[in-house]
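Fold the following.
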Amino acid sequence: MKVTIINTGGTFNKRYNPIKGQLEVPSDNIALDKIVASCHNVDFEIINIISKDSLDMTDEDRQIICDAVKYSKNENIIIIHGTDTVHLTSALIKKQNIAKKIVFTGAMVPMSIDTVEATMNFSQALGFLSANVENGTYTSMHGVVVDSSKLVKNREIGQFLIQN
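Alright, predicted model coming up:
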């Protein structure tokens with residue numbers, strides 16, 4: 001299986017900068033490299049763009065992500081995205097009716113702090129793509145992969161929930 005990973009930053013990738021005393025979104029793929037090193041039956045193309053917290057993303061950034069999806073040579077796409085505005089980017093891609101299997105994922109806690117959530121969400125997205133699923137725009141978070149319009153971040157409890 002061939003999969004393009006579009007890494008846009010977000011909490012998934014954040015690391016602590018001891019000089020500045022804050023979490024930052026780096027412009028590398030260290031978090032992803034740890035996960036994909038264990039995937040021996042997948043040919044990955046990793047594209048690192050934007051490298052921002054999703055709260056800092058602009059409409060221009062979202063269009064860059066859309067263009068990366070459109071022009072990817074692969075049909076299977078995983079987009080690592082910040083959880084705060086993933087709904088905006090996924091809605092834009094969904095609106096463009098791109099004939100590919102696109103799965104957004106991310107994490108509420110940086111992988112550099114706790115590897116479990118980010119690894120689970122990514123692995124779930126990858127497993128979903130290896131199944132016989134229709135083209136569409138999906139989100140993989142907290143134990144489910146569903147149509148991206150049906151998974152909503154509940155800020156009060158810090159979880160993604162399926163909305164009917």
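
The longest helix seen in the chain - contacts with which helices or strands?
Taking DSSP state H as the criterion, the chain has its longest helix at helix 115-130. Using 3 or more C-beta pairs under 8 Å, 6 or more residues apart in numbering; DSSP states H and E, the elements in contact with helix 115-130 are helix 30-36, strand 76-80, strand 101-105, strand 136-141, strand 144-147. Placement of C-beta: from N, CA and C, glycine included.

for these, which one sits closest to Ile157?
Nearest of the helices and strands packed on helix 115-130 to Ile157, taken as C-beta to C-beta: strand 136-141 at 13.1 Å.

For the longest strand seen in the chain, list every residue counted as buried.
Secondary structure of the chain per DSSP state E: the longest strand is strand 43-52. By 16 or more other C-beta atoms under 10 Å, the buried positions in strand 43-52 come out as Phe44, Ile47, Asn48, Ile49, Ile50, Ser51, Lys52.

Make JSON lines from those residues and add distance to Phe104 to it.
Below are the buried residues of strand 43-52 laid out as JSON lines (distance: C-beta to C-beta, whole Å):
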{"residue": "Phe44", "distance to Phe104": "17"}
{"residue": "Ile47", "distance to Phe104": "15"}
{"residue": "Asn48", "distance to Phe104": "16"}
{"residue": "Ile49", "distance to Phe104": "14"}
{"residue": "Ile50", "distance to Phe104": "13"}
{"residue": "Ser51", "distance to Phe104": "16"}
{"residue": "Lys52", "distance to Phe104": "15"}
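
which one of these sits closest to Val133?
Phe44 (18.7 Å).

Tell me the bridge partners for the most centrally placed residue in the chain.
Centroid-nearest residue in the chain, with C-alpha atoms, centre = their mean: Ile80, separated by 2.1 Å. Beta bridges link Ile80 to Asn7, Thr105, judged by DSSP bridges.

check contacts around it.
Ile5, Ile6, Asn7, Thr8, Gly9, Gly10, Phe12, Asn13, Leu32, Thr105, Gly106, Phe122 (C-beta atoms under 8 Å, 6 or more residues apart in numbering).
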